[in-house]
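**Student:** Show me how the following folds:
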Amino acid sequence: MRVDSEHWTVAEAVIIGHAHKYSGRNCQDAAGMVVHPHLAIGVGCDGCGEGMHSEMGALNLSNFVLHEATQLHLSGFTIAGIVDRLFPSVIRFIDINVSLSCPDKSTKSVANYIKEYWLATIRGFLVDNDGNGLFFWSGDGVRADDNGLIETEEDNKPRYIAYNCVYNPTLVGVTDDVTPKEFGQEKIVGATKVMVASDGFNNHNMITLGDPQMKHPELTDNLDGQQWGKKGNFGLKKWMNTRSNFGYFDDDCFIVTAEKI
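**Tutor:** Residues are numbered from 1 along each chain as shown. Alright, predicted model coming up:
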């Protein structure tokens, strides 16, 4: 879907990966965006593949982050202030939902419930009308602006923010080194285009693609925002569907982009 403002065109799309489609599993990625007169916000979440229902956490977290960032913005907080307050707000949001919905409050049961429903990465951006702002993230994935594309690799041990809600992390093999205490951040300076995506942007069926093909879709060399030369409100989704037909997106993937008008 695409939204235009006076300064930005922002779009998001999610696609189910081949591996999930053929195994009959749900898509475990979610994304959203909102454009205010002075701020564009994009966020996406990638649910843990080991969680049977982590699409619920991904969807709820992406919606909550958008809502909370909007409320903080409307309350007058700076972009840096918004990101600093988002992290503890997300933890409280998970804690409240787990408390209300987990039927068994024992330590082990709560930990397993979080594993099945709430483990999801978070990756987003906030950018003002001058192209200045912040990327923020918890977990692996991709971000990009005019300076190129950067991958965050975590050796298949994503730093899920929900680990902070496990009472005794050692009972489920969670250690401090994979429990984030704040969002990773990077400044956005004078950008005309920005993007965040899940690690599904890098996960493709290389047998179908063949060795000569690029690791990434052509977005890597041509970050033209959400349309890639296409018109209409669903250009990004159509582009992802087309790339999927060639063998890209073996894993679920979200992409959120913003391009200066």
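
**Student:** Any figure for the gap between Val127 and Tyr163?
**Tutor:** For Val127, the distance to Tyr163 (Cβ to Cβ, to the nearest Å) stands at 28 Å. All C-beta atoms are positioned from the backbone trio N, CA, C, and that covers glycine.

**Student:** Please apply the same query to Ala258.
**Tutor:** 29 Å.

**Student:** Kindly report the same for Lys181.
**Tutor:** Using Cβ to Cβ, we find Lys181 at a distance of 10 Å from Tyr163.

**Student:** So for these two, which residue has more residues nearby?
**Tutor:** Each of Lys181 and Tyr163 has its neighbours counted (other Cβ atoms under 10 Å); Tyr163 has more, 23 against 10.

**Student:** contacting residues around the more buried one?
**Tutor:** Leu119, Pro169, Val174, Val178, Thr179, Pro180 (Cβ atoms under 8 Å, 6 or more residues apart in numbering).

**Student:** can you pull the pLDDT of it?
**Tutor:** pLDDT recorded at Tyr163 is 93.

**Student:** As PDB, could you dump the C-alpha coordinates of the helix or strand encompassing Gly32?
**Tutor:** Using DSSP states H and E, Gly32 maps to strand 29-36. Backbone C-alpha positions of strand 29-36 (Å, rounded to 0.1, in the frame of the first residue of the first chain) are rendered in PDB as follows:
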ATOM      1  CA  ASP A  29       6.000 -10.800   8.700                       C
ATOM      2  CA  ALA A  30       4.000  -7.600   9.100                       C
ATOM      3  CA  ALA A  31       4.500  -4.000   8.300                       C
ATOM      4  CA  GLY A  32       2.900  -0.600   8.300                       C
ATOM      5  CA  MET A  33       3.500   3.100   7.700                       C
ATOM      6  CA  VAL A  34       1.900   6.500   8.500                       C
ATOM      7  CA  VAL A  35       2.700   9.900   7.200                       C
ATOM      8  CA  HIS A  36       2.200  13.100   9.200                       C
END
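
**Student:** Can you list the strands that that strand pairs with?
**Tutor:** Strand pairing for strand 29-36, determined by DSSP bridges: strand 39-47 (antiparallel).

**Student:** Helix or strand next in line after the partner strand, which one?
**Tutor:** Using DSSP H and E, the next helix or strand after strand 39-47 towards the C-terminus is helix 54-74.

**Student:** you'd agree Phe183 is up against Pro88?
**Tutor:** No - using Cβ atoms under 8 Å as the test, Phe183 is too far from Pro88 to be in contact (10.5 Å).

**Student:** So if I had to pick from those two, which one is more boxed in?
**Tutor:** Phe183 (20 against 11).

**Student:** and that one, what does it touch?
**Tutor:** Applying Cβ under 8 Å, 6+ apart, we find Phe183 in contact with Val83, Leu86, Phe87, Ile122, Phe136, Trp137, Ser138.

**Student:** Where helices are concerned, which of those residues count?
**Tutor:** Judged by DSSP state H, these include Val83, Leu86, Phe87 as members of helices.

**Student:** With distance to Val98 as added columns, please give those residues in CSV.
**Tutor:** Rendered in CSV, the data for the ones in helices among the contacts of Phe183 read as follows (distance: Cβ to Cβ, whole Å):
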residue, distance to Val98
Val83, 24
Leu86, 19
Phe87, 17
